Every structure is written in structure tokens, then in C-alpha cells.
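Visitor: here is my input, please return the structure:
(one chain, ligands or ions: 1)
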Amino acid sequence: MMSRNPVIERVKGGLIVSCQAYPGEPLRHPETMAQMAMAAVEGGAVGIRCQGLADIAAIKGQVDVPVIGIWKDGSQGVYITPTLRHARCCAAAGADIVALDATGRPRPDGRTYAQTVQALHDEGVTVMADCGSFDDARRAVDAGSDIISTTLSGYTGEREKTDGPDLELLEYMVSSFPDTPVLCEGRIHTPEQLHDVMSRGAWAAVVGTAITHPTSITRWFAARLDH
Ligand SMILES: CC(=O)N[C@H](C=O)[C@@H](O)[C@H](O)[C@H](O)COP(=O)(O)O
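Guide: Residues are numbered from 1 along each chain as shown. Just a heads-up that it's a prediction; the model follows:
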């Protein structure tokens, strides 16, 4: 499959690194995230996913690879780029692709996911659908999303939170929607898992925590101490 969108074509077959720090965390600073993004690109990342308008702008100022921008607002319900306003701001901050919650849950601005995508497409914005289930993926494809992704699997109550990536959902999406690039995102923690998701037909994969969240990585090691 080819994508007619050059930005999506650029990340084909590659590793996208998510550079995010959560509210109150020591690394939560746009310059720090830009440094993290530069380090990831040096290691072979073909794209960066990042959160927040300041981070998007700082990262776009430092790397040449495509940037997927999100704006997380809140932590319950629809919080990943929840409204058209949030999405427009991500695009204005420089995101090459804007990712948004593609679930059917009510959105704060009362628009449906499809209405939001329509408005963004009218403005020339490339849209990535963060899905939590197969129904979300179908709705996202029907809405004309440029990319669909497993991002929200395990976080919306519809799919079990698997230890690793949701391979079942990935395979279902890849086989059902051959004309839409499918990204695998969420709980890819090892190079072997990355290899596995790519061999199952992912267009590209997004890895966050295992590369850019040292507090989690430290906890994984510390949990194996005998005391
Ligand atoms: C559910 C949710 O809010 N996911 C977020 C989406 O941007 C991030 O917190 C994740 O780190 C990202 O999806 C990458 O996944 P992982 O960190 O597991 O490699």
C-alpha cells in the first residue's frame, strides 16, 4: 500500500518515538522534550509524537522528521485532543499530523469524531485516529481518518489491557482496512515486540514509555530487586 500523503509515506516501516512527560514530572519542559526528541532521531526514529502546544513547537524547531501532535486535557473520558479547538491549535503549533481520541464517547464541544475530522480536513490537517476498539477503528475509517492506531486499547474499558501491544486488535485492523495505514501504539516495551508488530502489518509503530519515560523504566528494574 502507498499513501498519497507524503508525511505518512515518510514514516512507513519505521519507529516513531513518543516524547511525553506527565504533569508535575521532573522532565516536563518543552526544551527537555525537544532534547529527548533529538536524541531519539539520532537513534533512528523516523517520527516523533508529543503532547502540548509548547512541546510541539519546541520539537518542530529542532527535528526534521514528521511530528504527531496531541493536546491532552484532563485524564478522564475524552482527553487526547478532545475538541476541534484543541486539534486546530496542535496544527497551528506545527504538528504535521494531529492525533485525536476517536472513540464514540461524548466530546466536550458536542461535535462527533466525524464532524471534527471533516472540519480538520477542510483546513488541510492530516488526522490520526487514536482507537480503543475495533468499533472505534471502523468509525474512524468511515470518517476518513488518514491514519488509524491502537493507542487507546486497554484504556477505554472495551479491550483488555494486555501486557504488551494489543496484537489482536492490530491484526484485525490491518486485515479489515487494507487501504488505511494502521499504526501500533501502546505498551511496545521491547525491540522484539516492535519487530513483531511490524511483521503483522503495522505501517509504523509508536514507542513511548520504554524509550522516554525513565521513571517507569527505573520502576521496571527496581521491581526486580530482591528485598
Ligand atoms: C493512553 C494514553 O493516554 N496514551 C498516551 C498517548 O499519547 C501516552 O501516554 C502513551 O505514552 C503513548 O500512547 C505511547 O504508549 P507507550 O508509552 O505505552 O509506549
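Visitor: how close does the nearest residue to Thr83 once chain neighbours are set aside get to Val78?
Guide: Nearest-residue entry for Thr83: Asp109, 3.9 Å, with adjacent residues in sequence omitted and distances by CB to CB, 6 or more residues apart in numbering. Bear in mind the C-beta positions are built from the backbone N, C-alpha and C, glycine included. Here the criterion is CB to CB, to the nearest Å. By it, Asp109 lies 10 Å from Val78.
Visitor: so is stretch 167-183 next to the ligand?
Guide: No. Stretch 167-183 does not reach the ligand (CB under 6 Å from any ligand atom); its nearest approach is 10.1 Å.
Visitor: in that stretch, which residues are buried?
Guide: The neighbour-count check on stretch 167-183 (16 or more other CB atoms under 10 Å) flags Leu167, Leu169, Leu170, Glu171, Tyr172, Met173, Val174, Phe177, Thr180, Pro181, Val182, Leu183 as buried.
Visitor: now for those residues: which two are most distant?
Guide: Between any two of the buried residues of stretch 167-183, the greatest separation by CB to CB is 18.2 Å, found for Leu167 and Thr180.
Visitor: give me the more crowded residue out of Asp109 and Val78.
Guide: Val78 (23 against 13; other CB atoms under 10 Å).
Visitor: not including adjacent chain positions, what is the nearest residue to the more buried one?
Guide: Setting aside the residues directly before and after it, Val78 is nearest to Asp101 in space (CB to CB, 6+ apart), at 4.6 Å.
Visitor: one more: Leu167?
Guide: Arg200 (6.4 Å).
Visitor: and that neighbour, how far is that from the ligand?
Guide: Arg200 sits 17 Å away from the ligand when distances are taken as CB to the nearest ligand atom, to the nearest Å.
Visitor: next, count neighbours for that residue.
Guide: The burial count for Arg200: 16, using other CB under 10 Å.
Visitor: could you do Pro165 as well?
Guide: 26.
Visitor: which ones are touching it?
Guide: Contacts for Pro165 (CB atoms under 8 Å, 6 or more residues apart in numbering) come out as Thr150, Cys184, Glu185, Gly186, Arg187, Ile188, Gln193, Asp196, Val197, Ala205.
Visitor: near the ligand, which residues of this protein are found?
Guide: Near the ligand, when you scan the chain using CB under 6 Å from any ligand atom, you find 18, 20, 70, 80, 151-152, 155, 185-188, 206-210.
Visitor: buried members of those residues into ChimeraX, please.
Guide: Selection of buried members from the residues of the chain next to the ligand for ChimeraX, criterion 16+ other CB under 10 Å:
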select :18,20,70,80,151,152,155,185,186,187,188,206,207,208,209,210
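Visitor: just flag the most distant two among the residues of the chain next to the ligand.
Guide: Between any two of these (CB to CB), the greatest distance is 19.5 Å, for Ile80 and Ala210.
Visitor: returning to what we had before: the residue nearest to Thr83 belongs to a helix?
Guide: No. Secondary structure of Asp109 (DSSP: H, G, I helix; E, B strand; the rest coil): coil, not part of a helix.
Visitor: now it: how far from Ile70?
Guide: In terms of CB to CB, Asp109 sits 16 Å off from Ile70.
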